[in-house]
Structure formats: structure tokens, C-alpha cells
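generate coordinates for the sequence data below:
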Amino acid sequence: MKKTLLLPLVLSLSCAPAAFSQTLMDIDFESDTVGSAPAERSSFTGASSGGNIIEVQDTNYTPENPFGGKSLYLYAPDTSDTSPGVWFQTNGEELVDQGSLTFDIQVNSTFLDLRLGSNVGSSSVGRINGQGAIRLLIGSGNGTPSFNVYQNGDSGTETDQGFSYGEQLTVTVSWDFAGITPGYSVSVDGTALTVGGSQAVFDFYEPNGLEGINTNQFRLGTGANTDSTYESWVDNIQLNSIPEPESAGLLLGLVVTAGVISMRGSSRRK
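Presented below is the predicted three-dimensional model:
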């Protein structure tokens, strides 16, 4: 059962980009070649090792593409000891102090790991080095699938909300450095993820020195475990920033319902 969003700040973080935003990336994979790597990617790790797969596939593929058209398929067999991952690249290296990343996903087994942003002043600004400013794990390595948020370098905290393997979801990760409570939030099909029944804005995973999220690249990847098979589909990736003059007014005055997000997510699925 879906829960009511708890905080006006979360509503603003999750919904504001739909109304006031600059799109930095919009990928639906329809122009990509079936059986090949996505054109928008900048680099891979472990993509062709030990039977790993990261490639665009259509509805003729087995297992069937759940989103229709073309989508990104990520797979690591239980014989692989290398974690496959793909970095996507935007057209710039700007620091975004308020923005969102939205994508459709279906995790069929184990988990998918999202990492976004890098520390200012790092030797690899523009490419995620280590864990990144935001980290979200979708799924589980040991049973019931869940969402795990990472804060202040911790080992991850399971949220109050879960999901089922094989379920199609629209995930929105939003962040804010300009608000009263800097941090990031996550909504799934329009419902805010929470921890402990109330916390809905999470601390950045690597907060030291951050002035904004470096959106030049973000990573989607699996794990590597010879006891587990990893399989996920991803589609309709959209990365947005909110222009600076609009930020304060949006956080103070934007009032919308969670249903708006859910409807928007549903309309993006092919």
C-alpha cells in the first residue's frame, strides 16, 4: 500500500524538476543498436568478463524486455567474480545544487547499485571515484528485495518500503544543497522512501567538501558474487537541474500531490 508523502520538502524535491528544470540528459535507448553498448555511456567496468552483459536489447530478447522498444540490460552470472557497471556521461561538468535523476527499472534478481556525483576537489571530478555523493541500492544480496540508502559513509540502511523482483518501478532521486535541510530524497512511483517511519531526507554519502552534485557522470552497476545472479532492466533515464533563481521559491511554495509524480512516471514507460 502506498503511503502519503510526509514532508513538503520531499514533495518539492521530487516534483519540482517536472515543472521547472533544465534537462541535462534524456535517454530512452531507441537510437541505440540492439546487442551493443549504449552510445551515451562513457566507460565500463567488467562488461565482458565472466559472462557479464551490459547492452541494449529489444522485445525479441530472452528474457523479455519489460518496457517495450529498446532498453538497457545488465547481467552478471553466478560464475562471475567481476562487478559490471556503466558510467553515463552528460554534456558538461557543472555542479548542480538542486536537481533530480529519474529512471524506470525492473530488478529481476539480486540488486542494482546507483552512484551519483563526486567530491569537489577530487582528482577525478567528472568521474565517480569511490562511492560518490549519493548511493542507492535497489534489491538485496540475501533475500527479500528492498531499497537501501547510504549516508555519511555508512554501510547502508534499509528503507521502510520494499518491492518485488520483476516489478516495474519509476525511481526519482532528488538532491538539494540550497534548502534548509541539505540532502537527498528518493521516491518510487510517487511514494517517498522513509527510514524509521519519518526520515525522508538523507545525508549525502560523501558530504565533505560538496558544493553540488557533479552530474558529468553517474554509474549503474551490479555486484559480483559467485553465489548470486544479477539481472536488471533500465529505461527512460532523465537527469534534470533546477536553475538557481527558481530554487528558493520552489522549495517554499510548490505544493503538489504524490499522484502527480506517479502519473508522470507511468507516462514515461513505453
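
helices of this structure, residue ranges please.
8-19, 244-253, 258-268 (DSSP state H).

quick one: Pro63 and Ser232 touch, right?
No. Taking contacts as Cβ atoms under 8 Å, Pro63 lies outside contact range of Ser232: 10.8 Å. Where you see a C-beta, it was placed from the backbone N, CA and C, and this is true even at glycine.

joint contacts of these two?
When Cβ atoms under 8 Å, 6 or more residues apart in numbering defines a contact, the residues bordering Pro63 and Ser232 alike are Asn108.

of the two, who's got more company?
Legend: neighbour count by other Cβ atoms under 10 Å for Pro63 and Ser232, higher for Ser232 (24 against 13).

the closest residue to Glu167 other than its chain neighbours - how many residues pack around it?
Of all residues not flanking Glu167 in the chain, Gln106 sits nearest, at 6.7 Å (Cβ to Cβ, 6 or more residues apart in numbering). When counting by other Cβ under 10 Å, one arrives at 21 neighbours for Gln106.

now do Thr79
10.

pretty sure it contacts Gly50?
Yes. The criterion here is Cβ under 8 Å, and Thr79 meets it with Gly50 at 6.0 Å.

right, and Gly162 touches Ser146 too?
Yes. Here Gly162 reaches Ser146: they are 4.7 Å apart, a contact under Cβ under 8 Å.

looking at those two now, which is surrounded by more residues?
A count of neighbours by other Cβ under 10 Å puts Ser146 above the other of Gly162 and Ser146, at 18 against 15.

got the contact list for the more buried one?
Gly139, Ser140, Glu158, Thr159, Gln161, Gly162, Phe163.

how about the strands of the stretch 151-270 of the chain, start to end?
Applying DSSP state E, counting those that start in this stretch to the stretch 151-270 of the chain gives strands spanning 157-162, 168-176, 183-188, 191-192, 213-214, 217-221, 230-241.

mind putting those in CSV, mean pLDDT and distance to Thr33 included?
Converted to CSV, the strands of the stretch 151-270 of the chain look like this (pLDDT from 0 to 100; distance: least, Cβ to Cβ, whole Å):
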stretch, mean pLDDT, distance to Thr33
strand 157-162, 94, 36
strand 168-176, 95, 24
strand 183-188, 94, 31
strand 191-192, 96, 36
strand 213-214, 68, 29
strand 217-221, 70, 19
strand 230-241, 92, 16
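
good, wrapping up.
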